[in-house]
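J.: return a 3D structure for these sequence lines:
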Amino acid sequence: MRTNVPRPSYLVPREGEVLFRGTRDKGLGTMSMKGRKTFILIFAVLLAVPALLFAADPNAGTSGAQFLKIGVGARPVAMGESFVGVADDVNAVYYNPSGLAFIDRPELTAQRTQWFQGVDHQFGAFAYPTDYGAFALSATTLKVEDIQKRGADESYEGNFQAMDSAYAFSYARMLGPLSSVGITGRYFKEEIDAYSASAWGGDVGFLRKFVAYPVSVGLAVRDFGQKIKFRNEEDPQPLTIDLGMGANLFNYRLLLAANVAKSNDSGYRFGLGTEYSPVLTKSFRFTLRGGFNTAQTDGSGAPGISAGAGIGIRQLSFDFAWVPFGDLGNTFRYSLGFRF
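T.: Here you go, the predicted model:
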């Protein structure tokens, strides 16, 4: 087992080459003209596809376990949840498990969401890289307390609670110097008053980075598996296919991300995200983030935007995200992370 993996030789850039986050490259400025054109073309396609395909879907609301679609991690959420093509930290367990293979040190994160209408949403994950691949454990809970129970005549019959929970195990490994694949197995349960239902599901993901220019491309298929059954009603999981990319510019001070996603119960949606990390000191970091996601523009006047910031002191980091939901109110996510 390893806790501090040395950087392999293939990650040490030769003169004029660009690798990915954390290496001593010059970013987009060192790319050839052909490389720049390729980058611009890929990014343009991710922006254009949603405009051509985005439409209301007749299957909206036809899947169960909707809490699985709530984005986690203050950093990815602040970036419009456009993280499938980035997946460079422990939050990859949710967006694209293949990204775990690129983590070279154990990482721990804990998140709490201040949701609207008194809903409590929490997430935690731990990733551990080894010579045989990266392993991770994660857990998500969504809880609503003090829901009033009413009889047929609207008489008050006390309070009850509803709780959704999911527990997952992920594994990822390299397929070569710059490609990885990952898989997640998940058990989740939904409880409403005295009724409950549970099922098994999972995710698979692929991530590809490039030596010639600082671009990564990711693909993930999330939330497939058993149908979830409450009493006599049975619903599928919210199967989602997510394609995206990330690009590091200006010596890795600026990160751009874009993604296109399609679920079995919704139309096409897309996200955009950015992260700016000015150079401060070796032990102190500060980051600003912003994003947009069309999935958050449905109803209630939600603008679809998001914003956040992060502070890092040595191995410890704190991230914050704000996402407004129009008439429903604002949501805030707080994440605490530690790299061993």
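J.: count the neighbours of Pro324 for me.
T.: Using other CB atoms under 10 Å, the number of residues around Pro324 comes to 18. Just so you know, the C-beta spots here come from the backbone N, C-alpha and C atoms, and that holds for glycine as well.
J.: likewise for the one 4 residues further on?
T.: Counted with other CB under 10 Å, the neighbours of Leu328 add up to 14.
J.: and the pLDDT at it?
T.: What the model reports as pLDDT for Leu328 is 82.
J.: now Ala212
T.: At Ala212, the pLDDT value in this model is 82.
J.: could you look up the SS state of it?
T.: For Ala212, the assignment made with DSSP: H, G, I helix; E, B strand; the rest coil gives coil.
J.: quick one, phi psi at it?
T.: Backbone geometry at Ala212, expressed as degrees, to the nearest 10, gives phi -70, psi -30.
J.: against Leu178, how distant is it?
T.: 10 Å (CB to CB, to the nearest Å).
J.: run through the protein and note the low-pLDDT ranges.
T.: With pLDDT under 70 as the threshold, the chain has low-confidence stretches at 1-61, 298-300.
J.: number of nearby residues for the nearest residue to Gly246 once chain neighbours are set aside?
T.: What sits nearest to Gly246 in space, not counting adjacent residues and going by CB to CB, 6 or more residues apart in numbering, is Val86, at 3.9 Å. A count of nearby residues for Val86, using other CB under 10 Å, gives 31.
J.: sec struct for Val86, please.
T.: Put simply, Val86 is coil when judged by three-state DSSP.
J.: now Asp327
T.: helix.
J.: picking up where we left off before, which ones are touching the residue nearest to Gly246?
T.: Each residue near Val86 by CB atoms under 8 Å, 6 or more residues apart in numbering is listed here: Pro76, Met79, Gly99, Ser216, Gly218, Gly244, Gly246, Leu255, Ala257.
J.: can we see that at 10 Å?
T.: With contacts defined as CB atoms under 10 Å, 6 or more residues apart in numbering, Val86 is in contact with 20-21, 75-76, 79, 92, 95-96, 99, 207, 216, 218, 244-248, 255-257, 259, 273, 275.
J.: quickly note the distance from it to Tyr95.
T.: Using CB to CB, Val86 is found at 8 Å from Tyr95.
J.: wasn't Lys282 part of a strand?
T.: No. Under three-state DSSP, Lys282 sits outside any strand and is assigned coil.
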